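A.B. asks: Below: sequence and its predicted model.
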Amino acid sequence: MAGKLIRWLAAAALALGAASSHAQPAGMTPEVAAVFNRWMLASCIGGDERALAEALRRYPQPLTKAFTLAIRSGPTAAELADVRAGAETRYEARAKFPLNEFRISGVSEEDLRRFNSVSRDDYVNDQVRRFQAGYRSNAVAGLGVIGGPQARATLSRIAADRRDPLAPAAREALKTQRPG
């Protein structure tokens, strides 16, 4: 039983690693690309929030362009393929995990049935959609950190469009910008 759990955890870690590989955005120096990729992979900025924000502000012009492009076009086909492959691997591990061999508390039987009834396609497509939304939201947040006239103009345009799913994130990004 412990071996199964270890294999499942190893498969999940491998899948997350595959989903995290980003190519260097075109036209960026390696230093700027590293900051861009670090920001875009951040699902929630933790202990080094200040340092990462300062790194964004060091490269306002190329990052404003990169974030604006990321908002417009989303992740690359290669990134989506990586996420899809990782989600497939996680689904396989999830489907094989012997839930009935463990006592699970704090989760209703109905929730467990729902967990077990999710199809491969639904699971994978949900993971891809979440990655796409998070990728674009991170780009919006990046523009909010950078500030500047072009970033504010892009954020204002998005924030004004109530039908845009990024509008709430853009409004929040505008609120948190430093004066200047």
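C.D. replies: Nice, thanks for sending it over.
A.B. asks: Would you indicate which residues of stretch 155-175 are buried?
C.D. replies: Neighbour counts over stretch 155-175 (16 or more other CB atoms under 10 Å) mark 155, 158-159, 164, 166-167, 169-171, 173-174 as buried. Any C-beta I mention is one placed from the backbone N, CA and C, and that applies to glycine too.
A.B. asks: Next step: the residues you listed restricted to strands.
C.D. replies: In strands, judged by DSSP state E, none of the buried residues of stretch 155-175 are found.
A.B. asks: any idea of the pLDDT on the residue lying closest to Ser156 once chain neighbours are set aside?
C.D. replies: Counting by CB to CB, 6 or more residues apart in numbering, the nearest residue to Ser156 once its immediate chain neighbours are dropped is Leu174, at 6.7 Å. Leu174 carries a pLDDT score of 95 in this model.
A.B. asks: ok so, going back, include distance to Arg113 when you put the buried residues of stretch 155-175 into a markdown table, please.
C.D. replies: What follows is the buried residues of stretch 155-175, written out as a markdown table (distance: CB to CB, whole Å):
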| residue | distance to Arg113 |
| --- | --- |
| Leu155 | 42 |
| Ile158 | 39 |
| Ala159 | 40 |
| Asp164 | 36 |
| Leu166 | 34 |
| Ala167 | 36 |
| Ala169 | 34 |
| Ala170 | 38 |
| Arg171 | 38 |
| Ala173 | 39 |
| Leu174 | 43 |
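A.B. asks: Ile104: which of those residues is nearest?
C.D. replies: Of all the buried residues of stretch 155-175, Ile104 sits closest to Ala169, with 34.1 Å by CB to CB.
A.B. asks: With adjacent residues omitted, what lies nearest to that closest one?
C.D. replies: Val140 (4.5 Å).
A.B. asks: Where does that neighbour sit, in terms of helix or strand?
C.D. replies: helix 120-146 (DSSP states H and E).
A.B. asks: That helix - what's its average pLDDT?
C.D. replies: Mean predicted confidence for helix 120-146 is 95.
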